[in-house]
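Asks: Sequence and predicted model, in that order:
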Amino acid sequence: MNKSLAALALFLVAAHQGQAVAASSVELIVKGLITPSACTPTLSANGIVDHGKLSAKDLNQGTPTDLPAVTLQMNVNCDAQTLFGLNGNDNRASSAIVATGYGLGLIDNTQKIGTYHLELVNPVADNVAVIPLESNNGGQTWSAIDGEYWYSGNLAGFGGVSGGLYVPVPIQDLTTDLAVMTQIAPAQDLNLSNEVSLDGSATIEVKYL
């Protein structure tokens, strides 16, 4: 959340041999917004998706292997109705085998284990069904992602259509399913002679709009 409180202007004045000389000046403006309400996101199962033990021989050799989808419930509770979005920050971004997905870590610091995708399903805001939205420009414009992946690095929002455009709406209590679809890289591209841990990690952050 931006925390700046005021605008600041800097002016420079120079003097030469006792005569005042007006110098060029430039204005610096510091902007921001302090919201009176706060929002807290939570995930069921402590945000952990555990696929258990997988046998290397069950993985596809030449194509990625899709694991069963797992669904968590995500809630965002605010002190009052608040206009917000959600940022999905991939803590393993360099290891994703698909640029729009989230990474699962590396083997030997070089081999990408795989990718997982997120999908926002059946969101309900203050007891009313809403449309999951996505913005790839920081919230300037939005598109619907109902039935589609929420891409890594993009901002998610929840709302509807106003004036022919998709827009997020202020929300106090949001509930949505978060479907997690995991995909392991082709086995031929991985060193599976030892146990390999799936190491996906992402931070879902509330961004006030």
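Replies: Structure's in. What do you need?
Asks: I'd assumed Asp189 was in contact with Ile107.
Replies: No: using CB atoms under 8 Å, Ile107 is not in contact with Asp189, being 9.4 Å away. The way it works is simple: take the backbone N, C-alpha and C, and place the C-beta from them, glycine included.
Asks: When these two are compared, which one has more neighbours?
Replies: Legend: neighbour count by other CB atoms under 10 Å for Ile107 and Asp189, higher for Ile107 (20 against 15).
Asks: Across the sheet, point out what pairs with the more buried one.
Replies: Gln111 (DSSP bridges).
Asks: Next, the contact list for it, please.
Replies: Neighbouring residues of Ile107 by CB atoms under 8 Å, 6 or more residues apart in numbering: Ile113, Leu190, Asn191, Val196.
Asks: Count the residues that sit near the second one.
Replies: Think Leu190. 18.
Asks: before we move on, what about the third one?
Replies: Here the count is done by other CB under 10 Å, and Asn191 has 11 residues near it.
Asks: where's the closest residue in space to it that isn't next to it in sequence relative to Lys57, distance?
Replies: Distance criterion CB to CB, 6 or more residues apart in numbering; nearest residue to Asn191, sequence neighbours excluded, is Ile107 at 5.4 Å. Separation of Ile107 from Lys57 (CB to CB, to the nearest Å): 17 Å.
Asks: Val161 now?
Replies: Per CB to CB, Val161 is found 49 Å from Lys57.
Asks: Counting neighbours around each, name which of the two comes out higher.
Replies: The neighbour comparison of Val161 against Lys57 (other CB under 10 Å) goes to Val161, with 11 against 8.
Asks: helix/strand/coil for the more buried one?
Replies: strand (DSSP: H, G, I helix; E, B strand; the rest coil).
Asks: for it, which residues make a bridge with it?
Replies: Counting by DSSP bridges, Val161 forms beta bridges with Tyr166.
Asks: Pull up the gap between it and Val121, please.
Replies: Val161 is 19 Å from Val121, where distance means CB to CB.
Asks: repeat for Pro132
Replies: Pro132 is 8 Å from Val121, by CB to CB.
Asks: Which one of these two is surrounded by more residues?
Replies: Between Pro132 and Val121, counting by other CB under 10 Å, Pro132 is the more crowded of the two (22 against 15).
Asks: Check whether the more buried one really touches Ala125, as I assumed.
Replies: No: applying CB under 8 Å as the test, Pro132 and Ala125 come out as separate, 10.5 Å apart.
Asks: Could you pull out the residues contacting both of those two?
Replies: In contact with both Pro132 and Ala125: Phe158, using CB under 8 Å, 6+ apart.
Asks: and the residue nearest the centre of the chain, bridged to which residues?
Replies: Centroid-nearest residue in the chain, with CA atoms, centre = their mean: Gly88, separated by 1.4 Å. Beta-bridge partners recorded for Gly88 (DSSP bridges): Ile204.
Asks: Which residues are in contact with it?
Replies: By CB under 8 Å, 6+ apart, Gly88 lies in contact with Tyr102, Leu118, Trp150, Tyr151, Ser152, Gly153, Asn154, Ala156, Ala202, Thr203, Ile204.
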